[in-house]
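> Mind looking at a prediction? Sequence and model below.
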Amino acid sequence: MGKALVVDDDEKNRKLMEDLLAIKKIEVISFEKGEDAVKNASNELLFCVIDIRLPDIPGFEVARRIKEKYPALPCIAYTASAFEDRVKSIKETGVFDEYVLKPIDINAFFSIVDKYCK
């Protein structure tokens, strides 16, 4: 169906994303560090899933740099922070098109994925 980029410093989370997206027949290129994600982003991707807390640069910055180069490429925040102020800041940045909370609600995630696979 296509390719998605996933960046998360937790290997288990990357593997979970790979497994979930495989169900949708989406190939995943995954990275542990934000810099690697920025370097490998392209218009050929369906979307990017970006952890907010990364070891090298914040997920907000990863999304901003990707959007700077590829404004139409959807970026999905992936965060464990369900605090209202954090979710509000994700929405207000304008660099994320969607967000998904950890632990992941699979049905909600698939609804987002389906939106970008049409």
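Perfect, I can see it now. Residues are numbered from 1 along each chain as shown.
> switch to C-alpha atoms for all contacts and neighbour counts from now on
Will do.
> All the strands of the protein, in order from the start?
2-7, 26-31, 45-51, 75-79, 98-101 (DSSP state E).
> Which elements pack onto the second one?
With contacts defined as 3 or more CA pairs under 8 Å, 6 or more residues apart in numbering; DSSP states H and E, the packing partners of strand 26-31 are strand 2-7, helix 11-23.
> Make CSV from the strands of the chain and add mean pLDDT and mean neighbour count to it.
Below are the strands of the chain laid out as CSV (pLDDT from 0 to 100; neighbours: other CA atoms under 10 Å):
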stretch, mean pLDDT, mean neighbour count
strand 2-7, 98, 22
strand 26-31, 98, 19
strand 45-51, 97, 25
strand 75-79, 92, 24
strand 98-101, 89, 18
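> of all those strands, which lies closest to P58?
Of all those, strand 45-51 sits nearest to P58, with 8.3 Å by CA to CA.
> Residues contacting the closest one, please?
For strand 45-51, contacts defined as CA atoms under 8 Å, 6 or more residues apart in numbering pick out 2-9, 59, 62-63, 73-79, 116-117.
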